[in-house]
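Peer 1: give me coordinates for this.
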Amino acid sequence: MTKGMNLLVLAGLILALILNSIFVIDEKEDGIVFQFGEAIRSDLPTGLNFKLPIIQNVKKYDSRLQTLDEEPNRILTVESKYLIVDSFVKYRITNVRTFYDATSGSFINLNNLLGQRTAFELKNQFGRRTVTELVSGERDQLMSDMRENLGDSVSDLGIEIIDFRVKRIDLPPELSNSVYERMRSERNRLAEELRAEGNELSNEIRSTADKEKVIILAEAYKTAEQIRGDGDARAAAIYAESFSKDPEFYEFTRSMRAYDATFNNKSDVLLIDPKSDFFKYLNKSKGSN
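Peer 2: Here you go, the predicted model:
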């Protein structure tokens, strides 16, 4: 009975030692193996891993994307004017051993160090620029410079900077009105310049159009007169050819048109010799009756 209990206890101890020597690292974490409190192995592969039971232990650290979002800071610009800057940093652990050596494996320590370097980089970048440049322009370049410089400065922390952005830039009350007024004046000046350029271009286009209109009308009038002259000449030629075949008929029709034009109005009075050639065909008409 005693021997059976001893075997059972021995088997339990062996099983406990085996279980204590096995651990799993999943894809969301990194781990470090310690022996008597000293880190001896890192960069453990994902999946099943082994360690010496009892004398070795494992600490695991989250390797997923982390966010540092601190309180807004008051930062001076190159004009020695304060801005209220709210920013955030996204990062992840890429070298767990370096991370542990720099922070003793504490994310609180890491965030404190990262916050200090973030504040330094903000002061460095904002201290090179004016308020107008920071509020109204160069935002993309600013973000790119901050992300690159901060990434270079945290290599000793074992992390990689994924993103570093300014969420909001606020002006202190005593500064905001003057800055907005200056920006409004600048925009009004630019609008006036664009408006003046537009008016000048409009006048040029209108002058060109008026000139082309005069030229087109002159050409059209010239062409119309030529066509009219050609038509009149052609009509005269046709009349001449037609009347030359019967001069008496031509004279008769011309007299008829003259009578019609002369006696068109009953109130018209015409003093003329009755024996005049003007009444030649009327007299003939009378005599025939």
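
Peer 1: to what extent is Leu19 buried, counted in neighbours?
Peer 2: Neighbour count of Leu19, defined by other C-beta atoms under 10 Å: 10. Using the backbone N, CA and C atoms, a C-beta is placed for each residue, glycine as well.

Peer 1: am I right that it is in a helix?
Peer 2: Yes. Counting by DSSP: H, G, I helix; E, B strand; the rest coil, Leu19 is found in a helix.

Peer 1: packing partners of whichever strand or helix holds Gln141?
Peer 2: Assigned by DSSP states H and E, Gln141 belongs to helix 139-153. Identification of packing neighbours for helix 139-153 by 3 or more C-beta pairs under 8 Å, 6 or more residues apart in numbering; DSSP states H and E yields helix 107-126, strand 159-170.

Peer 1: from the rest of the structure, what touches the shortest one?
Peer 2: Where contact means C-beta atoms under 8 Å, 6 or more residues apart in numbering, the residues beyond strand 159-170 that reach it are 65, 72, 83-95, 99, 110, 114, 118, 121-122, 134-135, 139, 142-143, 146-147, 150-151, 154, 176.

Peer 1: in its sheet, what does it sit against?
Peer 2: Within its sheet, and counting by DSSP bridges, strand 159-170 is paired with strand 82-93 (antiparallel).

Peer 1: alpha carbons of the strand it pairs with, as CSV, please.
Peer 2: Extracted C-alpha coordinates of strand 82-93, given in CSV (Å, rounded to 0.1, in the frame of the first residue of the first chain):
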residue,chain,number,x,y,z
TYR,A,82,1.7,78.8,-27.1
LEU,A,83,-0.5,76.2,-28.7
ILE,A,84,-2.5,73.5,-27.0
VAL,A,85,-1.5,70.3,-28.8
ASP,A,86,-3.4,66.9,-28.4
SER,A,87,-1.5,64.0,-30.0
PHE,A,88,-1.4,60.2,-29.9
VAL,A,89,1.2,57.5,-30.7
LYS,A,90,0.6,53.9,-32.0
TYR,A,91,3.4,51.4,-31.5
ARG,A,92,4.1,47.7,-30.9
ILE,A,93,6.9,45.7,-29.4
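
Peer 1: can you name the next helix or strand after it?
Peer 2: Sequence-wise, the next helix or strand beyond strand 82-93 is helix 96-103, with elements assigned using DSSP H and E.

Peer 1: dump that following helix to PDB, keeping only the CA atoms.
Peer 2: Taking Å, rounded to 0.1, in the frame of the first residue of the first chain, the C-alpha atoms of helix 96-103 are listed here in PDB:
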ATOM      1  CA  VAL A  96      11.000  42.000 -26.400                       C
ATOM      2  CA  ARG A  97      14.400  41.600 -24.800                       C
ATOM      3  CA  THR A  98      15.300  45.300 -25.500                       C
ATOM      4  CA  PHE A  99      11.900  46.300 -24.200                       C
ATOM      5  CA  TYR A 100      12.500  44.400 -21.000                       C
ATOM      6  CA  ASP A 101      16.000  45.800 -20.400                       C
ATOM      7  CA  ALA A 102      14.800  49.400 -21.000                       C
ATOM      8  CA  THR A 103      11.600  49.200 -19.000                       C
END
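
Peer 1: now stretch 80-90, how far from the centre of its chain.
Peer 2: 25 Å (C-alpha atoms, centre = their mean, to the nearest Å).

Peer 1: same question but for stretch 119-139, I mixed them up
Peer 2: In terms of C-alpha atoms, centre = their mean, the gap separating the centre of stretch 119-139 from the centre of its chain is 22 Å.

Peer 1: ends of that stretch, what's the gap?
Peer 2: Separation of the first and last residues of stretch 119-139 by C-alpha to C-alpha, to the nearest Å is 17 Å.

Peer 1: buried residues in that stretch, which are they?
Peer 2: Buried residues in stretch 119-139, counting neighbours by 16 or more other C-beta atoms under 10 Å, are found at Glu121, Leu122, Gln125, Phe126, Arg129, Thr130, Val131, Glu133, Leu134, Val135.

Peer 1: look up how far Ala196 lies from Ser21.
Peer 2: Distance of Ser21 to Ala196, computed by C-beta to C-beta, to the nearest Å: 83 Å.

Peer 1: more neighbours: which of these two?
Peer 2: For Ser21 against Ala196, the residue with the higher neighbour count under other C-beta under 10 Å is Ser21, and the figures read 14 against 10.
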